[in-house]
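Visitor: Pasted the sequence and its predicted model underneath.
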Amino acid sequence: MSTIAAALLSGLLLYKYFLLFGVFFLSALALPLPGNTLLFAAGAFASQGYMNFWYVLASVLAGNVLGDLAGYLLAARYGERIVRMFRIKRSYLDTIEGYVRKHPRPTIILSRFGGSLDPAVNVLSGMGGVPLRIFLTYDIVGNVISLFLVITAGYYLGDYWQSFSGVISTIGWILFAALAIGGIIVIYRRQVGIKSTSTTFPMHQVRKFWRTFKQYGQRD
C-alpha cells in the first residue's frame, strides 16, 4: 500500500465524508489519488457501523460529479488555449472529440468505471462541444452505478476488502487500455482514410483533360 493511501486511510475514520468528498473531487481533476482503495475501505467501515453507507455514497458522488463538471467547464473555456500553447496536433484531437461528440452517452458512462479515463473524457467532452445537459446526466448515471458497486463490494467483503482492492483498479486499467486502444485505432483509420483519399488521382479531371485535348486536336 502506498504512503498516500496509508495516510488517507488513517484519516478516514476521523474526517469521514469530508475526506471522501475532497479525494474524489481532486481525483476527478486527474490527481493520482487512491480513490477506489479509499472507497473499498469506506464500504467495509460502513458494514462495521463506523460509517453510513448512504452518506458515503452521497459524499463521493458529490465530489466526483462536481470534479467532473469542473474539468468539463475548464476544458470548454481554456482547452483551445492549452492546445495552441503546447502545439498539440489538432487533427488527432478532432478525431477523438468527434467520436465523443457522436457517442457521448456510452463513452461517458463507461469512462466512469475506468478512473484514469474519467478526467480525459471530461476534457474531451468540454472541448468537443458535448451539451452540458447530456454530459451531466450521463456523468451522474455512470458515477452512481460505478460508485455504488464499489461501496457495495467493500461492504460485503468487510475485513477482507484489502485482498480485493487491487481487483477494481485492475479492471479500471483494463477498461482504460481497451478504450485507449480503440481510440488509437479510430485515429489511425481516420488518418489512413484521409491519406488514401488525398492520394487517389481524380479520374473526372483526367476525363475533362482528355476532352479538352481532343477538342484542340480537332481544331488543328
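Guide: Happy to help now that I have it. Note that the coordinates shown come from a computational prediction; the quantities given were computed from them, not determined experimentally.
Visitor: Flag the shaky bits of the chain, pLDDT-wise.
Guide: For the chain, the stretches flagged by pLDDT under 70 are 1, 115, 160-180, 182-184, 186-220.
Visitor: and the helix or strand residue 69 falls within, which residues are buried?
Guide: Assigned by DSSP states H and E, residue 69 belongs to helix 53-85. By 16 or more other CB atoms under 10 Å, the buried positions in helix 53-85 come out as 53, 56-57, 59-65, 67-69, 71-72, 75-76, 79. Where you see a C-beta, it was placed from the backbone N, CA and C, and this is true even at glycine.
Visitor: Same check on stretch 128-143?
Guide: 128, 130, 135, 136, 138, 139, 140, 142, 143.
Visitor: Over to stretch 22-31?
Guide: 22, 23, 24, 25, 27, 28, 29, 30.
Visitor: Same list as before, those residues that is, but in TSV and with distance to residue 7 included.
Guide: Converted to TSV, those look like this (distance: CB to CB, whole Å):
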residue	distance to residue 7
22	13
23	11
24	16
25	17
27	15
28	20
29	19
30	20
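Visitor: quick one: which of these sit in helices?
Guide: 22, 23, 24, 25, 27, 28 (DSSP state H).
Visitor: Kindly indicate which of those lies nearest residue 8.
Guide: Ranked by distance to residue 8 (CB to CB), those are led by residue 23 at 6.5 Å.
Visitor: so who does that closest one touch?
Guide: By CB atoms under 8 Å, 6 or more residues apart in numbering, the contact list for residue 23 reads 8, 33, 35, 38, 63.
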